[in-house]
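Chemist: Here's a sequence, model it:
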Amino acid sequence: MTSTRTDSSLMGQIETRSIDYVPSHERKGRLTDQATIWFAGSAHLLSMATGAIGIWAGLNLGWTLVALAVGTVIGTAPVSAHATQGPHLGLPQLVQSRPQFGRYGALAIWLMALIVYWGYVVFGGNMLGATAEQLGVGSAPIWAIITGLVAVVLAIFGYQWLHVVQRWISIALIVVLVIYVFGLAAGGVIPASAWDLSAGTFQIAPFFIQVSAAAAYQLSWAFFVSDYSRYMPADTPKGKIITWTSLGLFFGVFSFEAIGAVCTAVLPDEYVISALALTADGVFAGLGTIMLIIGGAGLLGLMAMCIYGGSLTIITAMDSLRKVLPTRQVRIWTILLVGLTSTYAGAYMPADYLNTSFWTILVVLSYLMAPWTAINLTDFFLVRRGHYSIREMFSSAGIYGNWNMRGIVAYLVTFAIMIPFMILPFYTGPVATALGGVDIAFFVGIPVGGILYWVLCLSMDMKAERAIVDKADANLDRDAMPIS
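Modeler: Alright, predicted model coming up:
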């Protein structure tokens, strides 16, 4: 994928770049790969848990699917918009938070992202271990460790390998999904009453719980979207990359969320993995095993992507505190740190977290991410309009500074405004109470965060900043030397 590989040996296939700029002569890629990496990265067993939340909250299947579609669309829009930043800047996603928050100010954002990455690897390993145990091939902890180690290896080889693996997993997923869906429809497994969308079957609070969970789950990919588009040519059309990314994101996550909802509605007393195996075997014997294996492969791919993103986040944070030369060795050591610790945790985490903690985790994630994604996208599309200096982002004395109070204040104020709208197991905000237990904090946070940041940036002298940017990044491609 990059010119930094000069040999065909196994070590020569390991990606060398990490947080450093990808010059134009190393840029290539297919737009369809943006669809397949996100389709496989979201069409997997863990997504089923998000789809089951509405059923657990008391919605029927029909309204749960509607809520899932609404929430997924809401989450897909900002995530796909982030994909344009990769080709434009040639940088990983979270390096791009420095202009909005400063080198030190963005540390909190990077910590939040690292927790998300680490958590998904923990959840994924735990679920893959439980899946292997369900298939009768060994104990859950052992398989959680095995799958975690495979994910670590994929992350070490990096960008190109992840795209190739997810491309093949996507093809397999599409085949089994078509067979499964048509088989369920032909078998009449789902009673007609489950699809009832009459007014009497609608429940507003569970509906918004499911919408928020689906949106937050989708939005969690925003931290690393441009990590997987930064090798695309700089002139990649924004509309096309948004479209292809949206297709992969929406259909990937919605497919397995819908399966989770169906399985929980049909077999409410079964664990979601068991319910998938049983309903698939109802189509034909053995399909359950195939669905679990291929759905597990998608989850394994996501784990590798999260380990990869976690490594980039740690290197970015280290570089903010003290200048780091982002060598291949640094990549590997940080990947091992993220991958091995999360794999161990996943192997020994209780298996019932899906029923007890997953919804709360998604809700908290939506509260934390809404202001960040609003500020980041507002800065990119409305304030600076894509005019950034790569060199200044990496300079300790650069124009973006150590602390950008505009972004920090906008984030903190937005989060404070969201608090009265929040619902958590230990707290219900006054506005949420007045709305009858409906949580709309996420939907408040995104517009408020974007508007507030835009207002705070009106006093910026963008003409002067752009002059500095143009001068600082002269001959950038020529000077972007390979790092071994």
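
Chemist: Could you pull out the helices in the stretch 301-450 of the chain for me?
Modeler: Secondary structure of the stretch 301-450 of the chain by DSSP state H, counting those that start in this stretch: the helices cover 328-347, 353-356, 358-378, 390-393, 405-418, 430-434, 441-456.

Chemist: Of those helices, which is nearest residue 314?
Modeler: Distance to residue 314, taken as CB to CB, is lowest for helix 328-347 among those, at 4.6 Å. Using the backbone N, CA and C atoms, a C-beta is placed for each residue, glycine as well.

Chemist: And that closest one, what's buried?
Modeler: Residues of helix 328-347 classed as buried: 328, 330-332, 334-335, 338-340, 342-347 (neighbour count, 16 or more other CB atoms under 10 Å).

Chemist: got it, and stretch 121-132?
Modeler: Buried residues in stretch 121-132 (16+ other CB under 10 Å): 121, 122, 123, 124, 125, 126, 127, 128, 129, 130, 131, 132.

Chemist: what sits up against that stretch?
Modeler: Residues from elsewhere that reach stretch 121-132 (CB atoms under 8 Å, 6 or more residues apart in numbering): 44-46, 138-145, 147-148, 151, 271, 273, 292, 296, 299-300, 302-303, 306-307, 310, 338-339, 342-343, 345-347, 349, 351, 353-354, 358.

Chemist: What subset of the residues you listed is buried?
Modeler: Judged by 16+ other CB under 10 Å, buried ones among the contacts of stretch 121-132: 44-46, 140-141, 143-145, 147-148, 151, 271, 273, 292, 296, 299-300, 302-303, 306-307, 310, 338-339, 342-343, 345-347, 349, 354, 358.

Chemist: Double-check residue 242 against residue 80; I have them as touching.
Modeler: Yes: between residue 242 and residue 80 there is a contact at 4.6 Å, judged by CB atoms under 8 Å.

Chemist: ok, the two, which is more surrounded?
Modeler: Neighbours per residue (other CB atoms under 10 Å) separate residue 242 from residue 80, with residue 80 holding more: 25 against 19.

Chemist: counting contacts, what elements does the helix or strand containing that one pack onto?
Modeler: According to DSSP states H and E, residue 80 maps onto helix 61-82. Contact here means 3 or more CB pairs under 8 Å, 6 or more residues apart in numbering; DSSP states H and E; on that basis helix 61-82 packs against helix 45-57, helix 204-219, helix 238-266, helix 358-378.

Chemist: Any idea which helix or strand in the chain has the lowest mean pLDDT?
Modeler: helix 353-356 (a mean of 59; mean pLDDT, DSSP states H and E).

Chemist: mean confidence for the host helix or strand of residue 182?
Modeler: Using DSSP H and E, residue 182 sits in helix 159-187. For helix 159-187, the mean pLDDT works out to 95.

Chemist: Least reliable of the helices of the stretch 301-450 of the chain by average pLDDT, please.
Modeler: Among the helices of the stretch 301-450 of the chain, helix 353-356 carries the lowest mean pLDDT (a mean of 59).

Chemist: Check what pLDDT residue 475 gets.
Modeler: For residue 475, pLDDT reads 83.

Chemist: quick one on the thing from earlier: tell me which of the helices of the stretch 301-450 of the chain sits nearest to residue 230.
Modeler: helix 390-393 (11.5 Å).

Chemist: tally of neighbours for the closest residue to residue 423 other than its chain neighbours?
Modeler: Nearest non-adjacent residue to residue 423, counting by CB to CB, 6 or more residues apart in numbering: residue 439, 4.2 Å away. Counted with other CB under 10 Å, residues neighbouring residue 439 total 26.

Chemist: Would you check that residue 439 makes contact with residue 427?
Modeler: No: in this structure, residue 439 is not within contact of residue 427 by CB under 8 Å, at 11.1 Å.

Chemist: so where is this protein shaky, pLDDT-wise?
Modeler: Applying pLDDT under 70 to the chain flags residues 1-9, 351-357, 481-484.

Chemist: so who does residue 14 touch?
Modeler: 156, 157, 158, 328, 332.

Chemist: Looks to me like residue 136 is in a strand.
Modeler: No: under DSSP: H, G, I helix; E, B strand; the rest coil, residue 136 sits outside any strand and is assigned coil.

Chemist: and it, backbone torsions?
Modeler: Per-residue torsions, residue 136: phi 80, psi 30 (degrees, to the nearest 10).

Chemist: Against residue 288, how distant is it?
Modeler: 12 Å (CB to CB, to the nearest Å).

Chemist: go on, residue 224?
Modeler: Taken as CB to CB, the span from residue 224 to residue 288 is 32 Å.

Chemist: go on, residue 307?
Modeler: 29 Å.

Chemist: cool, and residue 396?
Modeler: 55 Å.

Chemist: Of those two, which one has the most company?
Modeler: Between residue 396 and residue 288, residue 288 has the larger neighbour count (other CB under 10 Å), namely 23 against 12.

Chemist: can I assume residue 258 is in contact with residue 68?
Modeler: Yes: assessed by CB under 8 Å, residue 258 is found in contact with residue 68 at 6.3 Å.

Chemist: intersection of neighbour lists for these two?
Modeler: residue 51.

Chemist: neighbour count winner among these two?
Modeler: When neighbours are counted by other CB under 10 Å, residue 258 and residue 68 differ, and residue 68 comes out ahead with 28 against 21.

Chemist: wait, the more buried one sits on residue 254?
Modeler: Yes: counting by CB under 8 Å, residue 68 does reach residue 254; the two are 6.2 Å apart.

Chemist: Pull the number of nearby residues for the closest residue to residue 48 other than its chain neighbours.
Modeler: Of all residues not flanking residue 48 in the chain, residue 260 sits nearest, at 3.1 Å (CB to CB, 6+ apart). Counted with other CB under 10 Å, the neighbours of residue 260 add up to 28.

Chemist: Many thanks, I have nothing further to ask.
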